[in-house]
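Enquirer: for reference, the sequence and a predicted model appear below.
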Amino acid sequence: MSQFRARLAANRAVGEYRHLVFITSAEIGPVRPGHFAALAVGGPDSAMLLRRAFSIHRAHAKTSAGTSIELIVSAKGPGTKWLVAQPEGTVVDMVAPLGKPFQLPKQAVPCVLVAGGYGAAPMIALAEELRSRGCRVDVVVGASTESKLYGVLDLKRMADSITVTTDDGTQGFQGLVSDVLPDVMRRADSAVVYACGPMGMLRAVSKVAASTGAIAQCAVEEAMACGVGVCMTCVLPVIGDDGVTRMVRSCTDGPVFRGDRVRWDAVGTVPDDALGAPTSAGH
Amino acid sequence: MSQFRARLAANRAVGEYRHLVFITSAEIGPVRPGHFAALAVGGPDSAMLLRRAFSIHRAHAKTSAGTSIELIVSAKGPGTKWLVAQPEGTVVDMVAPLGKPFQLPKQAVPCVLVAGGYGAAPMIALAEELRSRGCRVDVVVGASTESKLYGVLDLKRMADSITVTTDDGTQGFQGLVSDVLPDVMRRADSAVVYACGPMGMLRAVSKVAASTGAIAQCAVEEAMACGVGVCMTCVLPVIGDDGVTRMVRSCTDGPVFRGDRVRWDAVGTVPDDALGAPTSAGH
Amino acid sequence: MAVDISTALARLQLPAPVLTASGCAGYGRELDPYFDITAIGAVVTKSIMLEPRSGRPTPRMAETPSGMINSIGLQGSGIESFIEHDLAWLRKRGARTIVSIAGNNVLEFGRLARRLRMVEGIAGIEINISCPNVANRGLVFACHAGSAAEVVAEVRKHAAPGIPLLAKLSPDVTDIVEIAHAVIEAGADGLAMINTLLGMVIDPVTLRPHLGGRTGGLSGPAIRPVAVRAVYQVHAAMPQVPILGMGGIRTGRDALEFIAAGASAVSVGTAIFNDPSAPLRIQNELTDEIAAHGFTSLRAAIGIAHRPA
Amino acid sequence: MAVDISTALARLQLPAPVLTASGCAGYGRELDPYFDITAIGAVVTKSIMLEPRSGRPTPRMAETPSGMINSIGLQGSGIESFIEHDLAWLRKRGARTIVSIAGNNVLEFGRLARRLRMVEGIAGIEINISCPNVANRGLVFACHAGSAAEVVAEVRKHAAPGIPLLAKLSPDVTDIVEIAHAVIEAGADGLAMINTLLGMVIDPVTLRPHLGGRTGGLSGPAIRPVAVRAVYQVHAAMPQVPILGMGGIRTGRDALEFIAAGASAVSVGTAIFNDPSAPLRIQNELTDEIAAHGFTSLRAAIGIAHRPA
Ligand SMILES: Cc1cc2nc3c(=O)[nH]c(=O)nc-3n(C[C@H](O)[C@H](O)[C@H](O)COP(=O)(O)OP(=O)(O)OC[C@H]3O[C@@H](n4cnc5c(N)ncnc54)[C@H](O)[C@@H]3O)c2cc1C
Ligand SMILES: Cc1cc2nc3c(=O)[nH]c(=O)nc-3n(C[C@H](O)[C@H](O)[C@H](O)COP(=O)(O)OP(=O)(O)OC[C@H]3O[C@@H](n4cnc5c(N)ncnc54)[C@H](O)[C@@H]3O)c2cc1C
Ligand SMILES: Cc1cc2nc3c(=O)[nH]c(=O)nc-3n(C[C@H](O)[C@H](O)[C@H](O)COP(=O)(O)O)c2cc1C
Ligand SMILES: Cc1cc2nc3c(=O)[nH]c(=O)nc-3n(C[C@H](O)[C@H](O)[C@H](O)COP(=O)(O)O)c2cc1C
Ligand code: FES
Ligand code: FES
């Protein structure tokens, strides 16, 4: 993890998202699928102080120009709206790579990748990585609607099978990724599920994985202020190796967690059996 | 005075200043020399809330494109730095024309224009106006150094005489405008002095005018928050027709004041004989 | 779907919920070129004192991150001039007017109320107790329940019977609910909150306090979370007391935060310096927000943040 | 020209004037990748409590104009784990460490101080009295001179003799000077100020309080003028008392405002979330500012805003 300035080299629309390519001359550590970047937004006189976190879509080590870092950004609030509106040449302050990436299987086991919306951002690099290890790769990509699907073609090229779902049926099966996942996993005999998307999806995916005995690797998205582990805002209840539930930081202990370790039903709360719960008041 | 959105159509360097041309389709009232515009800066997510005031350099009524408003901007703090850094096409919220402009003589009397730094911004239009009324126009332009002089060539074209001063002697006489002003006024037998520049200069010019019995019309520059008369931050001590000193708003009662009416020595204070002085605490 | 945005501050019925904040809108006249000042809830005047007052020396303000700090010093030409010129204009213009009053001591507040009793066309009085009590070491009335209540009782005693009185509270207190209770007990019909936070900016060049008055009042979006919290706390403690909420309102969404926290109406201050048409713009944005949330009236949204989701 | 930036907080000598703010720098370790944590004045730890504590439910923060609001709820793994893992690491790393402690009642503060007495490598203790007193209706210790002094006296009684004690003050009081006097009387060697302002953000969609904890602490540049004012007031009243100033410091210029107002050192908090290398960057900027003003030492600038220009 290092902090550096990066120049926006390309900013183009992909469906409802923007594909941003940043170039930096800085030496940054090895980037693995699941790592994320935290960007400062708005410039020096901005009223926005907090960092914005984005999965690293791709990172290419030293070209002549430097290292490129690619993000897929959905304009949601003021910070992301500012970011996608930047012209090429804008320089931003970035911290990357951050967090714990997806854990890769030692053996060449069948893997299924499940992505919701921009959750597909890290999946293409992950699919490549798994293929290079000889794993079978099946893919399930979903979104609320067609324009919010990402990476379908790229993933199709690499995957042994791909299944697309949209809530409104504008492309692929009408429904949720979790509706089609059991079939896909049965067909492929998947041993590991890699998932990235909204909490609800991750929760459903973990349930499916649990029922088939597969391992689930889920990249969560909790609201972050710093991205580097000092603000304690990004916590969720996770069961440790000792069986104890703790409120852990998704930016440093995550964003990738084992699905069976996250207390999905309790996200947004502090379970009574969590270490140090219940809280008395205090900030 | 109206509030409208204006598009930055041109932004080019002139010495150490930037010449900004804005275009608006809005109908705005007649603009006279000495009027100013108040701009919101920094965009929607900016930490900067207060308006920035600038003398209107030129304003051309309805071309096909709309009305153009030209400003000469010196990058001082964050707001002006933001403004001069904007690319063409940037849309800003502007309020103009504001304030009381220079009063023009009824008869074709000899006038001298005194400008310090970007204080020359309104002087070119003023010179034209005075010439059109048949007034003799002499000009004294000064700045700390050559690169901070503005409008010398334009003014030379229109003036019967022009005298340039710089504190460091990089152009014209080394010294202050007030050093050369008495000679200029004696030679031209000036009846009215129009001045725009720093307080110190206006004070000196007013003194010179007083000594020769000429009328001084001074455009002052007091820190402004709103520009429209509601915040009461832009006040300075001015003697009214009734001989009473009041703290008056330079944005609505000014920025142009008669030099013999401003309590120059007391600017930045509340003179004991001002109406309602001394203040007890309280905001 | 049309939304009913009418509201009330105690006896004061208002056709619309957005007002100007005292000291940020002059006497209404300055803003009339930018929006129809009769279209908003009311104009709250700059605080009026008995005598003309020059205010503080300049610099009187500094821009701060998402806010500003000011030390105007209640400059004004006094109540007589206000009634003769400014109030007369407001009445002719047909603007609802809430007169903000400020005194150097308790008795002055009473004299101001008595003077206003003799004039027509005043919708209500906002009592600015966030000013220093010259009679008591310059301690701010609003910072102590006793002095705050004393001022309100004195105004109640002398003001026209039935005229709505709003006591304007300062956030610079340990327990704003205690002050709120005291001024309501003393006869205020409602509360205006919040006034500015006491702050200071040091000039980066001179390394001395930037303001002529050394300290000044911090305002603008920077203080909004403090203002929303204050309104929420007071509404929770005394839900029946009408609140005029303010502090950093810049958009309709900001205004809705105050309504949800328990305000019956809101005032817009510093945002006017950024956008002279802000009050009406914010009122229109607020109306759209209320409709977007599916409410048919503003009243339905008042205090909703206190109800289970 | 080299500038001497060494300073002191009472007995605590510091080679450099910029520290981290409690709760904004973890236990130092997280920031070490971004700057040399031994190069700044000291690391002030997240407030430590006796027992492990889960903190508040999420959402725990909201961005606000030029600031943020948080309700972390003092999450931590308790003093034993802190000493065993975090403090051990800090000592090995050679970072000066100020341990911030927080208790649910007066006695817990004493027990924390006693426990720390037995460990090496602590430069000082910051007493976070800006937390609720569970034993007394959750009233915040720092909001009342009595309870604030009680906590400090208890810590003094049990802490290692001679270890510098800083009492951390809350700005949410009517008279911060009164509280400052009380904690100094009670045995604090210096003051850390300010903690966050109590605030609230209403979620624009649900129209309910955004934070899991409903109210939270407002921090960041938005509150800087309040913090500078507080430091200035307290330094004016008790110039001999060392102050660790904080509240919205984002640049060396901001830091210099606090030094000029009377702080002997400063802490950087929220700015770290914007820029993880902020503490050292700000220290370097401050050094340049001091030189640019022609001072040969930081000490020469302390409190200069109080002297005639
Ligand atoms: C590990 C991780 C990976 C992510 N990957 C992507 C991605 O590849 N593409 C993409 O478009 N978005 C991604 N997000 C979500 C993205 O961070 C938020 O949409 C963004 O921060 C919202 O900022 P804003 O200014 O638009 O919204 P605001 O609501 O104004 O943000 C205010 C504050 O809240 C935080 N915040 C708000 N929503 C979120 C959220 N959903 N997640 C984290 N922080 C939030 C922001 O960081 C900021 O500090 C990711 C989030 C995480 C945690
Ligand atoms: C009537 C008038 C005409 C002016 N004409 C010009 C011009 O033609 N060209 C030009 O470059 N500048 C002009 N100025 C000065 C210009 O307004 C300031 O330089 C500018 O506002 C500073 O903004 P900032 O963000 O750079 O500085 P900041 O210090 O960040 O400004 C902060 C706040 O203080 C106010 N402020 C600070 N300095 C001044 C100042 N000197 N005058 C007024 N407000 C100030 C700003 O409006 C803002 O509200 C004029 C000022 C006035 C009052
Ligand atoms: C320049 C200025 C002058 C003010 N004058 C007064 C005043 O005379 N009386 C008063 O009660 N409040 C006064 N206030 C406080 C505002 O009415 C309001 O309570 C405060 O600024 C918070 O609202 P805002 O953030 O929308 O400005 C003034 C505020 C500013 C910025
Ligand atoms: C996320 C967060 C957590 C904090 N936790 C603590 C804490 O545990 N103990 C404490 O004394 N102050 C805590 N604070 C307050 C800061 O130490 C500091 O006093 C305050 O934020 C003002 O400084 P700043 O504006 O630079 O952040 C916290 C602040 C933030 C933003
Ligand atoms: S985002 Fe700050 S600790 Fe995780
Ligand atoms: S700038 Fe606001 S009154 Fe003049």
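Expert: Happy to help now that I have it. Numbering: from 1, shown residues only, chains lettered A, B, ... in the order given. Ligands and ions are numbered 1, 2, ... in the order given.
Enquirer: of all residues in chain A, which one is closest to ligand 4?
Expert: As assessed by CB to the nearest ligand atom, ligand 4 sits closest to A:Cys231 within chain A, at 4.8 Å. Quick note: C-beta positions are derived from backbone N, CA and C, even for glycine.
Enquirer: check chain C too.
Expert: For chain C, CB to the nearest ligand atom, closest residue to ligand 4: C:Pro65, 10.5 Å.
Enquirer: count of residues packed around that residue?
Expert: 27 (other CB atoms under 10 Å in any protein chain shown).
Enquirer: ramachandran coordinates for it?
Expert: Taking degrees, to the nearest 10, you get phi -60, psi 120 for the backbone angles of C:Pro65.
Enquirer: what about whichever residue of chain C sits closest to ligand 2, distance to C:Leu107?
Expert: Closest approach between chain C and ligand 2, counting by CB to the nearest ligand atom: C:Glu63, at 4.1 Å. Look at C:Glu63 and C:Leu107: by CB to CB, to the nearest Å, they are 37 Å apart.
Enquirer: same question, A:Ser211
Expert: According to CB to CB, A:Ser211 and C:Leu107 sit 80 Å apart.
Enquirer: those two - which one has more neighbours?
Expert: C:Leu107 (14 against 10).
Enquirer: and C:Gly245, what does it touch?
Expert: For C:Gly245, the residues meeting the contact criterion (CB atoms under 8 Å, 6 or more residues apart in numbering or on different chains) are C:193, C:227-228, C:231, C:258-259, C:261-263, C:265-267.
Enquirer: for those residues, which one is nearest ligand 5?
Expert: Set against ligand 5, the nearest of the contacts of C:Gly245 by CB to the nearest ligand atom is C:Val228 (24.0 Å).
Enquirer: you'd agree the closest one is up against C:Ile259?
Expert: No. C:Val228 is not in contact with C:Ile259 according to CB atoms under 8 Å; the separation is 10.4 Å.
Enquirer: would you report the backbone torsion angles of C:Pro279?
Expert: When read as degrees, to the nearest 10, the backbone of C:Pro279 gives phi -60, psi -50.
Enquirer: what is the neighbour count of it?
Expert: When neighbours are counted by other CB under 10 Å, C:Pro279 registers 31.
Enquirer: residue contacts, it?
Expert: Residues counted as contacts of C:Pro279 (CB under 8 Å, 6+ apart) are C:18-20, C:25, C:31, C:35, C:40, C:268, C:272.
Enquirer: rerun that using 7 Å as the cut-off
Expert: With contact taken as CB atoms under 7 Å, 6 or more residues apart in numbering or on different chains, C:Pro279 is in contact with C:18, C:20, C:35, C:40, C:268, C:272.
Enquirer: tell me where the stretch 1-150 of chain C is predicted with low confidence.
Expert: By pLDDT under 70, the low-scoring segments of the stretch 1-150 of chain C are C:1, C:133, C:135.
Enquirer: wait, I meant chain A
Expert: For chain A, the stretches with pLDDT under 70 are A:62, A:279-283.
Enquirer: doesn't D:Glu63 make contact with A:Ala223?
Expert: No. With contact defined as CB atoms under 7 Å, A:Ala223 does not count as touching D:Glu63 (9.5 Å).
Enquirer: compare these two and say which is more crowded by neighbours.
Expert: Higher neighbour count among A:Ala223 and D:Glu63: D:Glu63, with 20 against 15, using other CB under 10 Å.
Enquirer: contacting residues for the closest residue to ligand 1 within chain C?
Expert: With CB to the nearest ligand atom as the measure, C:Arg253 is the residue of chain C nearest to ligand 1, at 12.3 Å. Contacts for C:Arg253 (CB under 7 Å, 6+ apart) come out as C:289, D:204.
Enquirer: could you point out which element follows the helix or strand where it lies?
Expert: Using DSSP states H and E, C:Arg253 sits in helix C:252-261. Going down the chain from helix C:252-261, the next helix or strand is strand C:265-268, by DSSP H and E.
Enquirer: packing partners for that next one?
Expert: Contacts defined by 3 or more CB pairs under 7 Å, 6 or more residues apart in numbering or on different chains; DSSP states H and E place strand C:265-268 against strand C:18-20, strand C:243-245, helix C:278-292.
Enquirer: and C:Glu178, how far from B:Arg133?
Expert: For C:Glu178, the distance to B:Arg133 - CB to CB - is 67 Å.
Enquirer: please name the nearest non-neighbouring residue to C:Arg214.
Expert: C:Met200 (6.8 Å; CB to CB, 6 or more residues apart in numbering or on different chains).
Enquirer: please name the bridge partners of that neighbour.
Expert: C:Thr215 (DSSP bridges).
Enquirer: does C:Leu191 count as helix, strand or coil?
Expert: Here C:Leu191 is recorded as strand under DSSP: H, G, I helix; E, B strand; the rest coil.
Enquirer: hmm, it is touching C:His181, no?
Expert: No. Applying CB under 7 Å, one finds C:Leu191 not in contact with C:His181, separated by 10.4 Å.
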